[in-house]
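# below are the sequence and a predicted model for it; my questions follow.
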Amino acid sequence: MADIAVLGHGVVGSGVLEVMLTHRESITRRAKEEIHVKHILDLREFPELSYAASFTKDFQVILQDPEVKIVVECMGGLEPAYTFVKQCLSNGKSVVTSNKELVAAKGAKLLALAQRNNLNFLFEASVGGGIPIIRPISQCLAANEVGEIAGILNGTTNFILTKMIREHMEFGEALALAQQLGYAERDPSADVEGADACRKICILASLAFGTHVYPEDVHTEGITRITLEDVAYADAWGGVIKLIGQVKMLESGKITIMVAPMFISRESQLANVDDVFNGILVRGDATGDVVFYGKGAGKLPTASAVVADVIDCVKHFKARKYLFWEDAKPGYVEPFGSVLDAFFVHIKGESSSDAVFAQAEEKFPGAARIIRKDEMPGEAGFSVSGITENDLQAALSELAASGISVLNRVKISDF
């Protein structure tokens with residue numbers, strides 16, 4: 001029998017217990033050993049549960065129990081999760097976590113500690129919930145040189161954008177609906193501002209390229225500035241708007257990484273990933289594009305991925321799983337503003353739309369005009385390519401100085 005402990009009995013933690021109890025026989029068969037949840041750490045009490053006797057409020061009970069070989073961290077946040085996980089790995093206990101904030105910020109340190117102690121630190125559930133992505137990149141695609149990863153990594157923002165695209169809801173109305181349906185937290189700022197997707201793309205980038213990428217080094221934009229007019233321009237251009245986390249290896253050996261709303265061509269495999277679903281595209285040199293699709297969050301999908309890692313841990317007590325990346329060196333991430341890219345720009349002036357676009361053409365030679373349905377007088381949209389963010393902003397500032405209002409600019413994807 002393999003004894004484990006679970007830290008936290010919230011949405012994911014309770015889901016782990018539910019999956020463990022509901023699928024006890026099949027889990028035992030796959031692990032080739034019975035897995036027993038000996039301790040559950042939570043400050044609350046749950047006397048109505050069949051496993052109420054397993055609860056403890058003292059982490060030291062778990063840390064000092066020599067029979068507990070695997071600890072499942074489902075607390076979320078950096079502290080006390082980081083301290084607890086570090087102590088577990090220092091005391092002979094492998095760790096499985098669903099905590100994207102922890103892995104994104106401290107992954108390199110915790111993987112190094114696990115390696116030194118011949119233990120496992122596994123985190124399949126931290127990125128795609130129930131979508132398998134960590135294991136496929138580290139194992140199934142190991143023969144490939146991964147050149148790029150791009151994904152819709154947050155269900156809340158994808159739901160909001162889907163409502164704006166399909167039903168022409170304003171951003172605020174779509175956000176309120178997401179909250180009403182339980183797809184967004186009471187304060188969903190981490191979702192709509194892109195922080196959630198940022199942590200996830202950092203984990204994928206670190207895994208794919210072997211060097212830790214920190215969220216604070218990543219250019220991040222949310223969807224709060226996206227309007228129905230932008231959605232209409234995307235449609236006229238031939239695509240949709242999605243919040244994308246993207247990382248790409250450059251010829252220089254550096255990476256460019258960002259989270260931002262992007263125009264996505266209707267021909268892209270990510271264009272039809274709608275509602276609360278996530279989609280992750282991995283571009284390998286041998287496989288080409290491989291796409292992983294499914295619900296990226298939720299109690300049981302996430303718990304399923306956690307339990308799969310527990311089973312993997314049990315099967316590898318004496319043989320450590322190879323999952324590792326180094327800490328980053330300075331300058332590894334190319335500054336966002338210096339990378340050549342393509343953008344959509346939405347402007348408005350006091351003269352006719354034709355005259356406003358003509359002014360823009362003077363600053364952006366080769367700009368391609370996009371005309372949307374029901375375009376307002378003085379309004380113009382256009383795309384421009386082969387330009388850096390820094391140069392784009394400089395030219396837009398000159399336009400603004402001449403009396404043209406810059407309403408928005410949105411990156412145009414290349415996948």
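Cool, the structure landed. Nothing here was measured: the structure is a model prediction, and the numbers come from that model. Numbers count the residues shown, from 1 in each chain.

# and the strand or helix carrying H36, what other elements does it pack with?
H36 belongs to strand 35-41 when assigned by DSSP states H and E. Where contact means 3 or more Cβ pairs under 8 Å, 6 or more residues apart in numbering; DSSP states H and E, strand 35-41 is packed against strand 2-7, helix 11-22, strand 55-56, helix 59-63, helix 299-315. Every C-beta, even on glycine, is put in place using the N, C-alpha and C of the backbone.

# the first one vs helix 299-315, what angle?
Relative orientation of strand 2-7 with respect to helix 299-315: 140 degrees, computed using axes from the mean of the first three to the mean of the last three Cα atoms, to 10 degrees.

# what about L78, helix or strand, and which?
Short version: L78 belongs to no helix or strand, going by DSSP H and E.

# any idea how far it lies from F324?
L78 sits at a distance of 21 Å from F324 (criterion: Cβ to Cβ, to the nearest Å).

# F317: neighbour count?
Look at F317: counted by other Cβ atoms under 10 Å, it has 14 neighbours.

# that one - that's part of a strand, no?
No. When DSSP: H, G, I helix; E, B strand; the rest coil is applied, F317 is found to be coil, with no strand at that position.

# helix or strand for the closest residue in space to it that isn't next to it in sequence, which one?
Nearest residue to F317, sequence neighbours excluded (Cβ to Cβ, 6 or more residues apart in numbering): K69, at 6.8 Å. Taking DSSP H and E as the criterion, the element that holds K69 is strand 68-73.

# same question for K109.
helix 100-116.

# check which residues of that helix are buried.
Buried residues in helix 100-116, counted by 16 or more other Cβ atoms under 10 Å: 100-115.

# can you name the element that comes right after that helix?
strand 121-122.

# elements contacting the helix or strand following that following strand?
Later in the chain than strand 121-122, the nearest helix or strand by DSSP H and E is helix 125-128. If you count contacts as 3+ Cβ pairs under 8 Å, 6+ apart, helix 125-128 packs onto helix 100-116, helix 195-209, strand 277-284, helix 299-315.

# CA-only coordinates of the shortest one in CSV, if you can.
This points to strand 277-284. Below are the C-alpha coordinates for strand 277-284, written out as CSV (Å, rounded to 0.1, in the frame of the first residue of the first chain):
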residue,chain,number,x,y,z
PHE,A,277,-12.4,25.1,-23.8
ASN,A,278,-8.6,25.4,-24.2
GLY,A,279,-6.4,24.5,-27.1
ILE,A,280,-2.6,24.2,-27.2
LEU,A,281,-0.6,24.0,-30.4
VAL,A,282,2.9,22.6,-30.2
ARG,A,283,5.1,23.0,-33.4
GLY,A,284,7.8,20.3,-33.7
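
# that one pairs with which strands, and in what direction?
strand 146-152 (antiparallel), strand 288-295 (antiparallel) (DSSP bridges).

# wait, the residue nearest to F317 sits on E33?
No. Contact criterion Cβ atoms under 8 Å: K69 and E33 do not qualify, at 10.8 Å.

# give me the common contacts of these two.
A2 (Cβ atoms under 8 Å, 6 or more residues apart in numbering).

# can you tell me which of the strands paired with strand 277-284 is nearest to E389?
strand 146-152 (17.8 Å; Cβ to Cβ).

# pLDDT (mean, whole number) over the closest one?
The pLDDT scores in strand 146-152 average 96.

# more neighbours: L78 and F324, which one.
F324 (17 against 14).
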